[in-house]
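Student: return atomic coordinates for the entry below.
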Amino acid sequence: MEVDFEGLKKELRSVDLEGISVVPYRERIFWVDSMSFPDGKPAQWFESTGYSGADIYLWGGLREDFKRPFILHEIVEADLVLYQKVNKKTAHEEAKKFDRKYAESILSEEEFSDYEKARKGLENAFRD
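Tutor: I've put the predicted structure just below:
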């Protein structure tokens with residue numbers, strides 16, 4: 001499994017957290033809508049039918065400082081499943097390692113603690 005963590009971190013700096021952004025990653029396009037996903041899962045990806053990449057939607061009520069780690073998670077997971085042919089469960093577990101590492105690098109200690117609690121709560125709430 002190959003993940004360009006440093007490259008993805010750099011790309012995420014320019015993501016519009018109140019609208020739509022395009023994140024290039026591993027020669028693919030990940031279209032990110034940061035505000036319009038209805039209540040439910042905090043983030044979800046869907047394979048694109050029009051280009052090499054995926055569409056990622058975030059729940060509008062997601063805490064703003066948590067959005068970038070969730071976007072990173074969805075991009076890593078989608079890339080692993082769609083292009084590296086990793087099964088979804090393994091890809092999800094791998095993506096969790098990276099979103100946690102990323103969140104820890106950009107959030108304060110208190111925010112990171114809140115993030116971990118929220119992430120664990122969401123993980124339990126939306127178990128497949």
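
Student: who does the helix or strand hosting Val22 pair up with?
Tutor: Using DSSP states H and E, Val22 maps to strand 20-25. Strand 20-25 has the following sheet partners, assigned by DSSP bridges: strand 28-37 (antiparallel).

Student: show me which residues of the strand it pairs with are buried.
Tutor: Neighbour-count burial for strand 28-37 flags Arg28, Phe30, Trp31, Val32, Ser34, Met35, Phe37 (criterion: 16 or more other C-beta atoms under 10 Å). Every residue, glycine included, has its C-beta placed from N, CA and C.

Student: again with stretch 69-85
Tutor: Buried, per 16+ other C-beta under 10 Å, within stretch 69-85: 69-82.

Student: and stretch 57-65, which residues are buried?
Tutor: So for stretch 57-65, counting by 16+ other C-beta under 10 Å, buried means Tyr57, Leu58, Trp59, Leu62, Asp65.

Student: on that earlier part again, now, which of the buried residues of stretch 69-85 sits nearest Glu18?
Tutor: Ile71 (13.2 Å; C-beta to C-beta).

Student: from the buried residues of stretch 57-65, which one has the minimum pLDDT?
Tutor: Least confident entry in those, by pLDDT: Leu62, with 79.

Student: name the helix or strand for that one, please.
Tutor: Leu62 belongs to no helix or strand, assigned by DSSP H and E.

Student: same check, this time on Lys97
Tutor: Lys97 belongs to helix 88-106, assigned by DSSP H and E.

Student: export the helix or strand that comes right after that helix as PDB, just CAs?
Tutor: On the C-terminal side of helix 88-106, the closest following helix or strand by DSSP H and E is helix 109-125. C-alpha atoms of helix 109-125 as PDB (Å, rounded to 0.1, in the frame of the first residue of the first chain):
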ATOM      1  CA  GLU A 109      -3.600  18.900  22.200                       C
ATOM      2  CA  GLU A 110      -7.100  19.700  23.400                       C
ATOM      3  CA  GLU A 111      -8.600  19.700  19.900                       C
ATOM      4  CA  PHE A 112      -6.800  16.400  19.100                       C
ATOM      5  CA  SER A 113      -8.400  14.900  22.200                       C
ATOM      6  CA  ASP A 114     -11.800  16.100  21.100                       C
ATOM      7  CA  TYR A 115     -11.100  14.700  17.600                       C
ATOM      8  CA  GLU A 116     -10.200  11.300  18.900                       C
ATOM      9  CA  LYS A 117     -13.400  11.100  21.000                       C
ATOM     10  CA  ALA A 118     -15.500  12.200  18.100                       C
ATOM     11  CA  ARG A 119     -13.800   9.900  15.700                       C
ATOM     12  CA  LYS A 120     -14.300   6.900  18.100                       C
ATOM     13  CA  GLY A 121     -17.900   7.800  18.700                       C
ATOM     14  CA  LEU A 122     -18.600   8.100  14.900                       C
ATOM     15  CA  GLU A 123     -16.800   4.800  14.200                       C
ATOM     16  CA  ASN A 124     -19.100   3.100  16.700                       C
ATOM     17  CA  ALA A 125     -22.200   4.800  15.400                       C
END
